[in-house]
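S.K.: need a structure here:
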Amino acid sequence: MKHRQLAGTGTLLRLALRRDRVMMPVWILAVAALVLSLPASLESVYGTPAERARLLSTLSANGSLRALYGPAFGDSVGALTAWRGGVFAGLLAGVMSLTIVIRHTREEEETGRQELLSAAMVGRRAPLTAALLAALAANALVALLIAAGLAGRGTGGALALGLGIGATGMLFASAAAVTAQLTEGARLAKGLAGALLGAAFLLRAAGDAGSADGSSALTWISPLGWLEHLRAFAAERWPVLVLFAAAFALQTAAAYALAGRRDLGMSFLTVRPGPAEGRLAGAGALAWRLQRGGLLGWSLGFLVAGAVFGGMADGATELVGDNARTREIVERMGGAGGRAGLTDAFLATMAGMLGLVAALFIVSSVLRLGAEESGQRAEPVLANAVGRLRWAAGHLAVAFGGSALILLLGGLGLGLGHGAGLAQTVGGALVQLPAVWVIGAVAALLYGAVPGRASAAWAVAGAVLALGWIGPALNLPRAVLDLSPFAHLPRIPGSEALTWAPPLMLTALAAALLAAALTALRRRDLMA
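M.R.: Residues are numbered from 1 along each chain as shown. From the prediction side, this is the model:
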């Protein structure tokens, strides 16, 4: 009986790996590169043991930086690499994993493809098993690349960090397996799994802010706290891996139990039906109804993130101290010299980071058009007195207007967290908007012209994020950094006066790309 329930798992796994042959390697390389790029950067900034020891002392007394990165447990390059990149690599591995699992479970059911596959010899639990195995393959490669890349810093520490990041990814893969059974739509399943990931980060941040050694109960509740407590390159604690294994086993068992108690396409959390009249009578109102939940989550996240970053500004200035290399990087990313200049530079850098993350929101929101079309939900809408451009305009208005809203809230949180300069922090966040719109317009053009390759917009957003995040630290050539639209924006607050030409040119470019996208959408056939 159990064997029949897993029938076809191998075939579904091969299909999943084939479908993700582009997306999965991009995610794997992005997570690994985030960690492997750090040792060289840290050595260029803190080249001597004395400098690293002073950094460790500063970190121990800086609660705001502990809230963002976690505590550092050693002053070796390997230990500082684990401190600087561990939490964020774990977050990225979690996002990668929940995306893979939901893509090959709930999304397949939502589009109707799973029903066709299940008409063959496919067991009830085979799709879930194949999705988890695909996530396992991705996380195993991430762990292998990190362990191999850092082996020269210490084999035990490299293995601990690689396994910890891979285990974090698998833990959220199993969480996504549960949410995929509970919900009726892939978007809600991703939202719930993403909320769990965000809650894990906030619990860890709150615990680490009040405890220099990570001993807070809040840190131990969070899986990202478990990743810290492995203490890679600092007297590794291997038994912590048992926590990951136990939590994964528990969540996976729950997912399998739920999968065996529902029909294909059904869920345990039913969606309340609403009337297609009144406030939902128009295409724009429908788009708002479909995307308002996601926009609310992003808005709250940006407000909280802005407040956290703003509260870190003074602590970051203390961390820079007299380190010339760190000062150079911060000034290159966002401002001028002097203590006040460094604070402004940090705030400008954080505003730029909010802009980079907002690019992910706008890509997700724009590509909702593709999900509606491939799921055959757009066709009944377009069969009525609704043209393609009017239908698309509703979703694009939410995407482009929503990006303005979340950046406004991010800038507001940045100013409130810092306690001064509210107008400048809001301006610094909103000045990122033209570049965000360019990325959104590229996503719209890919969807309108080549809908089957629209997911390439994620690669564009990821490349821009990488250039903005680690490009200045790696001292990449200016010609490479200028490939990102964010590189052409003025830095506010900072020493630069606001020049309107670059934002206006980027806005015009976004408008031109958007016009081309709508023209291509109007001329092509709908996806079958």
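
S.K.: Buried residues, stretch 442-458. List them.
M.R.: 442-449, 451, 454-458 (16 or more other C-beta atoms under 10 Å). Any C-beta I mention is one placed from the backbone N, CA and C, and that applies to glycine too.

S.K.: can you give me how far it is from the chain middle?
M.R.: For stretch 442-458, the separation from the chain centroid amounts to 19 Å (computed by C-alpha atoms, centre = their mean, to the nearest Å).

S.K.: Using CSV, write out the CA atom coordinates for it.
M.R.: C-alpha atoms of stretch 442-458 as CSV (Å, rounded to 0.1, in the frame of the first residue of the first chain):
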residue,chain,number,x,y,z
VAL,A,442,11.4,44.5,-17.6
ALA,A,443,9.3,41.8,-15.9
ALA,A,444,6.2,43.1,-17.7
LEU,A,445,8.0,43.1,-21.0
LEU,A,446,9.2,39.5,-20.6
TYR,A,447,5.6,38.5,-19.7
GLY,A,448,4.1,40.4,-22.6
ALA,A,449,6.6,39.2,-25.2
VAL,A,450,7.8,35.8,-24.1
PRO,A,451,5.5,34.6,-21.4
GLY,A,452,7.1,31.2,-21.2
ARG,A,453,10.4,32.9,-20.2
ALA,A,454,8.9,35.5,-17.8
SER,A,455,10.5,33.9,-14.8
ALA,A,456,13.8,35.2,-16.2
ALA,A,457,12.7,38.5,-14.5
TRP,A,458,13.8,36.9,-11.2
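
S.K.: For it, the averaged confidence score.
M.R.: Stretch 442-458 carries an average pLDDT of 89.

S.K.: And for that stretch, what's in contact with it?
M.R.: With contacts defined as C-beta atoms under 8 Å, 6 or more residues apart in numbering, stretch 442-458 is touched by 22-23, 26, 362-363, 366-367, 369-370, 373-374, 392, 396, 439, 460-461, 513-514, 516-521, 524, 527.

S.K.: Just the buried ones out of those residues, please.
M.R.: So, by 16+ other C-beta under 10 Å, the buried ones in the contacts of stretch 442-458 are 23, 26, 362-363, 366-367, 369-370, 373-374, 392, 396, 439, 460-461, 513-514, 517-518, 520-521.

S.K.: among these, which are in helices?
M.R.: 23, 26, 362-363, 366, 369-370, 373-374, 392, 396, 439, 460-461, 513-514, 517-518, 520-521 (DSSP state H).

S.K.: Tell me how far residue 215 lies from residue 66.
M.R.: Here residue 215 is placed at a distance of 12 Å from residue 66 (C-beta to C-beta, to the nearest Å).

S.K.: Who has more neighbours out of those two?
M.R.: Taking neighbours as other C-beta atoms under 10 Å, residue 215 and residue 66 compare with residue 66 leading, 26 against 13.

S.K.: Does that one touch residue 59 like I think?
M.R.: Yes: under the criterion of C-beta atoms under 8 Å, residue 66 makes contact with residue 59 at 6.8 Å.

S.K.: wouldn't residue 258 be in contact with residue 182 here?
M.R.: Yes: taking contacts as C-beta under 8 Å, residue 258 lies within contact range of residue 182: 7.1 Å.

S.K.: list the residues that contact both of the two?
M.R.: residue 268.

S.K.: any low-confidence regions in the stretch 51-200 of the chain?
M.R.: 64, 119 (pLDDT under 70).

S.K.: which residue ranges form the helices in it?
M.R.: With DSSP state H, counting those that start in this stretch as the criterion, the stretch 51-200 of the chain has helices at 63-69, 77-103, 106-111, 113-118, 126-149, 155-182, 186-209.

S.K.: Make CSV from those and add distance to residue 350 to it.
M.R.: Formatted as CSV, these follow (distance: least, C-beta to C-beta, whole Å):
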stretch, distance to residue 350
helix 63-69, 10
helix 77-103, 15
helix 106-111, 34
helix 113-118, 42
helix 126-149, 27
helix 155-182, 24
helix 186-209, 15
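
S.K.: so which of those gets nearest residue 296?
M.R.: helix 186-209 (9.8 Å; C-beta to C-beta).

S.K.: wait, what's in contact with residue 161?
M.R.: Residue 161 neighbours (C-beta under 8 Å, 6+ apart): 35, 81-82, 86, 146-147, 150, 230, 232-233.

S.K.: Over to residue 396?
M.R.: Counting by C-beta under 8 Å, 6+ apart, residue 396 has contacts 366, 369, 440, 444, 514.

S.K.: what's the most distant pair in those residues?
M.R.: The span of the contacts of residue 396, defined through C-beta to C-beta, is set by 369 and 514 at 12.4 Å.

S.K.: Pull up the overlap in contacts between residue 66 and residue 59.
M.R.: Joint contacts of residue 66 and residue 59 (C-beta under 8 Å, 6+ apart) do not exist.

S.K.: Out of the buried residues of stretch 442-458, flag the one nearest to residue 125.
M.R.: residue 455 (27.2 Å).

S.K.: Any figure for the gap between the closest one and residue 46?
M.R.: In terms of C-beta to C-beta, residue 455 sits 39 Å off from residue 46.

S.K.: ditto for residue 127
M.R.: Counting by C-beta to C-beta - residue 127 and residue 46 are separated by 48 Å.

S.K.: Look at these two and report which has more neighbours.
M.R.: residue 127 (26 against 21).

S.K.: need the contact list for the more buried one.
M.R.: 12, 104-105, 108, 114, 117-118.

S.K.: Next: residue 199.
M.R.: residue 222.

S.K.: again with the one 5 residues further on
M.R.: Residues touching residue 204, when contacts are defined by C-beta under 8 Å, 6+ apart, comprise 70, 87, 218-219, 222, 224-225, 228.

S.K.: same thing with residue 237?
M.R.: With contact set as C-beta under 8 Å, 6+ apart, residue 237 has these partners: 229-231.

S.K.: What of residue 370?
M.R.: 447, 451, 454.

S.K.: how many other residues sit next to the residue nearest to residue 244 when sequence neighbours are not counted?
M.R.: Nearest non-adjacent residue to residue 244, counting by C-beta to C-beta, 6 or more residues apart in numbering: residue 167, 3.9 Å away. By the other C-beta under 10 Å criterion, the neighbourhood of residue 167 contains 24 residues.

S.K.: how near is residue 167 to residue 108?
M.R.: Residue 167 sits 26 Å away from residue 108, going by C-beta to C-beta.

S.K.: all helices for the stretch 351-500 of the chain, in order.
M.R.: 368-374, 378-382, 388-418, 422-430, 433-449, 456-470, 478-481.

S.K.: Alright, that wraps it up for me.
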